[in-house]
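Q: Structure, please.
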Amino acid sequence: MLFTSEQVSNGHPDKICDQISDAIVTDCLLNDRNSRVAVECMIKEYDITIAGEISSQHTPDFKDLTNAVLAGIGLQEVEAYTVNRLISKQSPDIALGG
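A: Purely as a prediction, here's the structure:
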């Protein structure tokens, strides 16, 4: 059997995207423990796109959360990044899955 895995170092775009997505999930759950969050993130130069579905009583501040992650890992000029949101409410069919 062949087994493969991927490892990326700190500062790699994949790791940054995971941290941004995690920050959004954590923020939603801290403010509404019944939140349902499915978000992904993509970085291309100074453009960050956050896409997915969120059903929550809380509306996260995507720009502030993103900037906090970027500053936390030591990136400079965090205000230069554009944050694009492609977020909708979670489909009621998915919520039925419990």
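
Q: Beyond the top helix by length along the chain, next helix or strand please.
A: Secondary structure of the chain per DSSP state H: the longest helix is helix 13-31. Using DSSP states H and E, the helix or strand that follows helix 13-31 in sequence is strand 36-44.

Q: got the CA positions of that following strand in PDB?
A: Coordinates of each C-alpha in strand 36-44 appear next as PDB, following Å, rounded to 0.1, in the frame of the first residue of the first chain:
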ATOM      1  CA  ARG A  36     -23.000  25.700  11.600                       C
ATOM      2  CA  VAL A  37     -19.900  26.700   9.700                       C
ATOM      3  CA  ALA A  38     -18.400  25.300   6.500                       C
ATOM      4  CA  VAL A  39     -15.800  27.800   5.100                       C
ATOM      5  CA  GLU A  40     -12.800  27.500   2.900                       C
ATOM      6  CA  CYS A  41     -10.200  30.100   2.100                       C
ATOM      7  CA  MET A  42      -7.900  30.900  -0.800                       C
ATOM      8  CA  ILE A  43      -5.000  33.400  -1.100                       C
ATOM      9  CA  LYS A  44      -3.700  34.800  -4.400                       C
END
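
Q: Report the buried residues of that strand.
A: Neighbour-count burial for strand 36-44, counted by 16 or more other CB atoms under 10 Å, picks out 36, 37, 39, 41, 43. The way it works is simple: take the backbone N, C-alpha and C, and place the C-beta from them, glycine included.

Q: Any idea how far the longest helix of the chain is from the middle of the chain?
A: 4 Å (CA atoms, centre = their mean, to the nearest Å).

Q: Name the residues that touch the host helix or strand of residue 48?
A: Residue 48 is located in strand 47-55, with elements delineated by DSSP H and E. For strand 47-55, contacts defined as CB atoms under 8 Å, 6 or more residues apart in numbering pick out 20-21, 24, 28, 35-43, 60, 62, 66, 81-91, 94-95.

Q: so what pLDDT did residue 7 get?
A: Note on residue 7: pLDDT of 66.
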